[in-house]
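1. Everything below, folded, please.
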Amino acid sequence: MDCVFILAQTNGAGSEAAEGGFVPINFIWEQVIGLSLVEALTFSCFGVVCLFYGWRIFKILVTLCFGLVGLVGGLLLNEKLIGGNGTWLGLIGMAMMAVLSLPLMRWGVCALGAMAGGILTGGLWYAFELPGQYIWAGALAGAIAGGMISFIVFKLAVVLFTSFGGGALVVTAVLAILHRYMVPPERVQDLVFNHHWFLPVALLVPTVAGIIIQNKFVKGSKDWHM
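-> Residues are numbered from 1 along each chain as shown. Now for the predicted structure:
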């Protein structure tokens, strides 16, 4: 009962949580407005490929994700140890993580599936304007579910994270194009910042569509395997 009382008292705090950093709306918006037309079109094309054929290229996607993690980690380590703008530790980290992803492919899918599940459920928590302080609880539930799916139904985990990634790329690209060329910029910004349901729904729709489409393709391909 005490937990219910606390949740009731903190209801409506979603906006404060977003401003306080629980939901990185400002970071998301910076990525949207930072895309040029060519970059947006590239994002949308690659996103559509992931939505339709992510199950075919998931090993490449996992390797790329591992490599990016190694690159970022190496750059941060390089900055702390050496300082300046050197990138050699970043390149070494990228190469090491990319090679490491090959024998740990199933674990990589597990991690990416957990991340996708966590972001989706956290987004739903944000969309329904539940207490922002506890958005981590919703995200954690989705992360656990996504991780478990990876070990129970591996193909479903592959479809989940590739559909999520493709959907995120397409949504980012579409918002960038709308903001620059089609819809008044203030309208797009208003949807992103002032309507909690907008971003989660915009991400959920292509993700679900990708899951449905890829599931049909996977069932029709008898020779598909990890």
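2. what secondary structure does the nearest residue to Ala168 once chain neighbours are set aside sit in?
-> Counting by Cβ to Cβ, 6 or more residues apart in numbering, Ala168 lies nearest to Leu203, which is 6.2 Å off, once chain neighbours are set aside. (Each C-beta comes from the backbone N, C-alpha and C, glycine too.) Using DSSP: H, G, I helix; E, B strand; the rest coil, the structure places Leu203 in helix.
3. if I look at Leu203, how far off is Leu120?
-> 7 Å (Cβ to Cβ, to the nearest Å).
4. Of these two, which one has the most company?
-> Leu120 (24 against 20; other Cβ atoms under 10 Å).
5. Could you double-check that the more buried one lies in contact with Pro206?
-> No. The pair Leu120 and Pro206 fails to qualify as a contact (Cβ atoms under 8 Å) at a distance of 11.8 Å.
6. returning to what we had before: quick check: neighbours shared by Leu203 and Leu120?
-> Phe164 (Cβ atoms under 8 Å, 6 or more residues apart in numbering).
7. For the protein, which segments count as helices?
-> All helices of the chain, identified by DSSP state H, fall at 2-9, 14-20, 25-33, 37-53, 58-81, 88-101, 105-127, 135-152, 154-177, 185-194, 198-219.
8. and the closest residue to Trp29 other than its chain neighbours, what does it touch?
-> What sits nearest to Trp29 in space, not counting adjacent residues and going by Cβ to Cβ, 6+ apart, is Val192, at 5.7 Å. Val192 makes contact with 25, 28-29, 32, 175, 198-199, according to Cβ under 8 Å, 6+ apart.
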